[in-house]
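# pasting the sequence and the predicted model now:
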Amino acid sequence: MALSSALLQVMMDAVRKTARPMLRDFGEVAHLQVSRKGPGDFVTAADIKAEDTLFELLMKARPGYSFLGEERGLVQGTDKTHMWIVDPIDGTTNFMHAMPHFAITVGLQRTHPDGSAEIVACVTYNPVMNEMFWAEKGKGCYLNDGRIRLAGRKELADSLVATGLPFIGKTGHAQAIKDIHAVGQRVAGIRRLGAASLDFAWVAAGRYDAFFERGLQPWDVAAGILLVTEAGGLVTTIEQDGDPKMGKTIVAGNPEIQAKLRKVLQGA
């Protein structure tokens, strides 16, 4: 059985406590599908409630840390070297449609004296499936109590690749079609399930061989970067010199597949 640190226990306890009312809310969503009003306002309230719970629990455990959340933005703490990066419901559209593919995700970023920053601990939790993906810098990647590693495929033609697509109101639709056209001709299959945090986690677990997406945010990628790297993989931007922690454009996977996929996307 894997032993997690006290820090990870704080993170796991926080997401599990956040998940309890979220699961009750998720059970209500299916009933809202048939109402005239629809589930949109209900899910927005669930999202805000989840982030409020995470904020309260994480800040109580580590009072000085900064906090960056999708809903409230940046809350600057007295400790300038540590920041929680949180998405309370990644896969909100799935949640809204009663699809059990969404996650609570938390990454902890540490800034060093030279100004460089890295993700040092993370959890990504799918409460419906009760799958807790977690990692700590230098200690490997885990799913619940078992260690996980990337798949070992080396050819794009054998690979199953995940991606994301922009939804209504976002830019990048034309580029996304170009990407799928370029990648789809070279891989065994492409999947789009609608939760970037779980795409990263599934790459780490070997369910996908790689993941790419444009237009992401720091809270979409913080935990996933550490999960994939601790499982033996590589995460970069699609461009030559971007910072993957900033989101924007991401390609992740085992080093061989990742490099080949990145090259395809650079030409798309």
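Sure thing, it's come through. Just so it is clear, the structure is predicted and the values come from calculations on it, not from any experiment.
# quick one: contacts for Arg16?
125, 127 (Cβ atoms under 8 Å, 6 or more residues apart in numbering). C-beta coordinates here come from the backbone N, C-alpha and C atoms, glycine included.
# need the next SSE after the helix or strand where Leu54 lies, C-terminal direction.
If you go by DSSP states H and E, Leu54 is part of helix 40-61. Sequence-wise, the next helix or strand downstream of helix 40-61 (DSSP H and E) is strand 65-69.
# parallel or antiparallel, list what pairs with that next one.
Partners of strand 65-69 in the sheet, by DSSP bridges, are strand 73-75 (antiparallel), strand 79-90 (parallel).
# then the last one to CSV, C-alphas only?
So the one you mean is strand 79-90. Extracted C-alpha coordinates of strand 79-90, given in CSV (Å, rounded to 0.1, in the frame of the first residue of the first chain):
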residue,chain,number,x,y,z
ASP,A,79,3.8,32.8,2.2
LYS,A,80,5.1,33.9,-1.3
THR,A,81,6.7,30.5,-1.9
HIS,A,82,3.6,28.3,-2.0
MET,A,83,0.3,28.5,-3.9
TRP,A,84,-2.6,26.1,-4.2
ILE,A,85,-3.9,25.9,-7.8
VAL,A,86,-7.5,24.5,-7.8
ASP,A,87,-10.3,23.6,-10.2
PRO,A,88,-13.3,22.6,-8.1
ILE,A,89,-15.2,20.9,-11.0
ASP,A,90,-13.1,20.2,-14.1
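# for it, what is the average pLDDT?
Averaged across strand 79-90, the pLDDT comes to 96.
# for the helix or strand just after that strand, buried residues please.
As assigned by DSSP H and E, the chain's next helix or strand after strand 79-90 is helix 92-96. Residues of helix 92-96 classed as buried by neighbour count (16 or more other Cβ atoms under 10 Å): 92, 94-96.
# work out the gap between the helix or strand following helix 92-96 and the centre of the chain.
Counting by DSSP H and E, the next helix or strand C-terminal to helix 92-96 is strand 103-111. Relative to its parent chain, strand 103-111 has a centroid offset of 9 Å by Cα atoms, centre = their mean, to the nearest Å.
# strands paired with strand 103-111, and their directions?
In the sheet, strand 103-111 lines up with strand 79-90 (antiparallel), strand 117-126 (antiparallel) (DSSP bridges).
# adding mean neighbour count and distance to Lys139 as columns, could you present the strands paired with strand 65-69 in CSV?
Formatted as CSV, these follow (neighbours: other Cβ atoms under 10 Å; distance: least, Cβ to Cβ, whole Å):
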stretch, mean neighbour count, distance to Lys139
strand 73-75, 11, 28
strand 79-90, 23, 18
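# got a markdown table for these, with distance to Ala195 too?
Formatted as a markdown table, these follow (distance: least, Cβ to Cβ, whole Å):
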| stretch | distance to Ala195 |
| --- | --- |
| strand 73-75 | 21 |
| strand 79-90 | 5 |
